[in-house]
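# Sharing a model prediction with you, sequence too.
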Amino acid sequence: MSFQGLEALNMASTPLNELCLAVLILSIVFLTILWYKLTSNTPHKEESRLPPGPRGLPIVGFLPFLCPNLHHQLTELSQQIGGLIWWNRYFSPYDSYWRDIRKLFVREMLSNKNLDAGYSLRRHEVRKTIRNVHTKIGNLIDIGELAFVTEMNVLMSMIFGRNFVEEKEKNRKDGAEFRELKEMEALSRSADSILDPAINERMKMLSKGVIQGNGKKDFMQILLELMEQKDIGISVDLVKIKAILVDIIIGGTDTTITTVEWVIAELLNNPEIMSKVQQELKDVVGMNNIVEESHLPNLHYLDAVLKETLRLHPALPLLMPKCPSQSAVVGGYTIPEGTKVFLNDYAIHRDPQVWESPLKFQPERFLNSTNLDNTGNNMKYLRFGSGRRICAGLPLAEKMVMSILASLLHSFDWELPEGENVDLSEGFGLVIKKSKRLFAIPTTRLPHLDLYQ
């Protein structure tokens, strides 16, 4: 084709290109207007007005703009557009299956009777931790790892029986198998490799009529027996059993690790408060005694330190999502049925309109208050949720965290490596953890060696 022919073709195609460009621009404008209308929070009917929310993109919404520290971002958004934020996301309802499993878990593992029966187990594991630390006097200790192993052994004993834990401890190296459980939500194969052998072994025992440990059923045996019963109203299979166990283990260990680590970090950062805690332990427990669970109700200042730590560093900053079974109006905005609702506990705990000097670590604020507890009845402080979906493991968590903290702080003095300062920066995951793991050096505090045995 000649040069003149190409020039004529280009001239002829110019109107077509301009037309395509015009159509494209009009399409973009139309889609933008349509998207704005669909996502607008100003509907015609006042009673169906949705809460305001951040502007996102078509299809993907606000997802590309989310940051890792979601609780910080939501706190900033609430300051910009108000306390209610619409995200248009949904979550599973509070159904009968969830209620039945929760009741079973509480009845068989966390009732007052069963918690009392498990006292010797908890004491055994905490004392074992103290002995372990005593062998490493003057060396760096990973505080989170220490809490993890203690809590994991307690949970695994409650689920599988003490014999299971003792057998595993004989065959494992430096706790590697147990530490792997911390990543189970991301590594389902690891969960299968750890849980499947235990479940299969227990099924063989049940088929032979063998009951683990002194005739008392552990939680694993109860779940397997439920699986064999078809007319009880609860559908349980091996997949669900593993899911339940993963939930219990992850929920029970991650929050405990995080809380113990944050408490020790805040005490190292506030040595005068550390001194008050240890003086209380000296007065209540005595320097010639070890911490027992019977001492815990009298450790009021340590309890205040724990609550203040959870206020500033809540393990679950957005709590567990709620899902209303019917539409409701809150603050003039409609919350549709089935909506996933997050409560930004982190923002409430740092709100200067709610708390005086909210960023200051001040345990005394909990000493003179009778309604700032863990029951979920005060909207200022909902550390473990409230209502029917309050944390099911709260009774065990309170005992374990207080027992671990009291024992570590009564038995040892703690200090950071020379030249280091406490790092209180956050790293976000399933729970708010410290961005850097906490290592501290213990020295003996009690006068007699037998108090470490």
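Nice, thanks for sending it over. Numbering: from 1, shown residues only.
# Which parts of the stretch 351-453 of the chain are helices?
Remark: helices assigned in the stretch 351-453 of the chain by DSSP state H, counting those that start in this stretch are 394-411.
# wait, Thr259 sits on Leu312?
No - using Cβ atoms under 8 Å, Thr259 makes no contact with Leu312, being 11.5 Å away. All C-beta spots, glycine's among them, are computed from the backbone N, C-alpha and C.
# ok, the two, which is more surrounded?
Thr259 (24 against 18; other Cβ atoms under 10 Å).
# Can you tell me how far the more buried one is from Gly252?
12 Å (Cβ to Cβ, to the nearest Å).
# Over to Ile335?
In terms of Cβ to Cβ, Ile335 sits 31 Å off from Gly252.
# Repeat that for Ser235.
24 Å.
# hey, which helix or strand in this structure has the poorest pLDDT?
Every helix and strand of the chain was ranked by mean pLDDT, DSSP states H and E. The lowest is helix 176-180, at a mean of 50.
# what lines up beside the longest strand seen in the chain in the sheet?
When the chain is parsed with DSSP state E, its longest strand is strand 439-444. Strand 439-444 has the following strand partners under DSSP bridges: strand 141-142 (antiparallel), strand 412-415 (antiparallel).
# got a markdown table for those strands, with mean neighbour count and mean pLDDT too?
Converted to a markdown table, those look like this (neighbours: other Cβ atoms under 10 Å; pLDDT from 0 to 100):
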| stretch | mean neighbour count | mean pLDDT |
| --- | --- | --- |
| strand 141-142 | 17 | 96 |
| strand 412-415 | 17 | 97 |
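# Can you convert the ones you listed into TSV and add a column each for distance to Ala265?
Below are the strands paired with strand 439-444 laid out as TSV (distance: least, Cβ to Cβ, whole Å):
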stretch	distance to Ala265
strand 141-142	13
strand 412-415	10
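# Which one of those lies nearest to Lys282?
strand 412-415 (12.1 Å; Cβ to Cβ).
# pretty sure Ile326 contacts Glu337?
Slight slip there: residue 326 is Gln, not Ile. Yes - using Cβ under 8 Å, Gln326 is in contact with Glu337, at 5.1 Å.
# Compare these two (neighbour count), which wins?
Neighbour totals were compared for Gln326 and Glu337, and Glu337 leads with 13 against 8 (other Cβ under 10 Å).
# quick check, that one in a strand?
No - counting by DSSP: H, G, I helix; E, B strand; the rest coil, Glu337 falls outside a strand, being coil.
# so where's the stretch 251-400 of the chain uncertain?
319-322, 324, 370, 373-378, 383-392 (pLDDT under 70).
# Break down it into its strands, ranges please.
328-330, 333-335 (DSSP state E, counting those that start in this stretch).
# Same list, the ones you listed, but as a markdown table with mean neighbour count and distance to Asn200 please.
Formatted as a markdown table, the strands of the stretch 251-400 of the chain follow (neighbours: other Cβ atoms under 10 Å; distance: least, Cβ to Cβ, whole Å):
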| stretch | mean neighbour count | distance to Asn200 |
| --- | --- | --- |
| strand 328-330 | 12 | 47 |
| strand 333-335 | 19 | 45 |
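# List just the one of these that sits closest to Ser369.
Of all these, strand 328-330 comes closest under Cβ to Cβ, at 26.5 Å.
# and the closest one, what other elements does it pack with?
Judged by 3 or more Cβ pairs under 8 Å, 6 or more residues apart in numbering; DSSP states H and E, the packing partners of strand 328-330 are strand 333-335.
# Please identify the pairing partners of the strand it packs on and their relative orientation?
In the sheet, strand 333-335 lines up with strand 328-330 (antiparallel) (DSSP bridges).
# Distance to Asn139 added to the strands of the stretch 251-400 of the chain, as CSV?
Converted to CSV, those look like this (distance: least, Cβ to Cβ, whole Å):
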stretch, distance to Asn139
strand 328-330, 53
strand 333-335, 53
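# what residue ranges in the stretch 51-200 of the chain are flagged as low confidence?
51-98, 162-192.
# again, 90 this time
Scanning the stretch 51-200 of the chain with the threshold set as pLDDT under 90 gives 51-121, 148-149, 151-200.
# Against Ala304, how distant is His124?
From His124 to Ala304 the distance is 28 Å (Cβ to Cβ).
# With neighbour numbers in mind, choose between these two.
Ala304 (23 against 15).
# my guess is the more buried one contacts Asn368, does it?
No - the pair Ala304 / Asn368 is not scored as a contact, 9.5 Å apart, by Cβ under 8 Å.
# Surely Leu408 touches Val133?
Yes - here Leu408 reaches Val133: they are 7.2 Å apart, a contact under Cβ under 8 Å.
# what's the overlap in contacts for those two?
When contacts are counted by Cβ atoms under 8 Å, 6 or more residues apart in numbering, Leu408 and Val133 are jointly contacted by Leu146.
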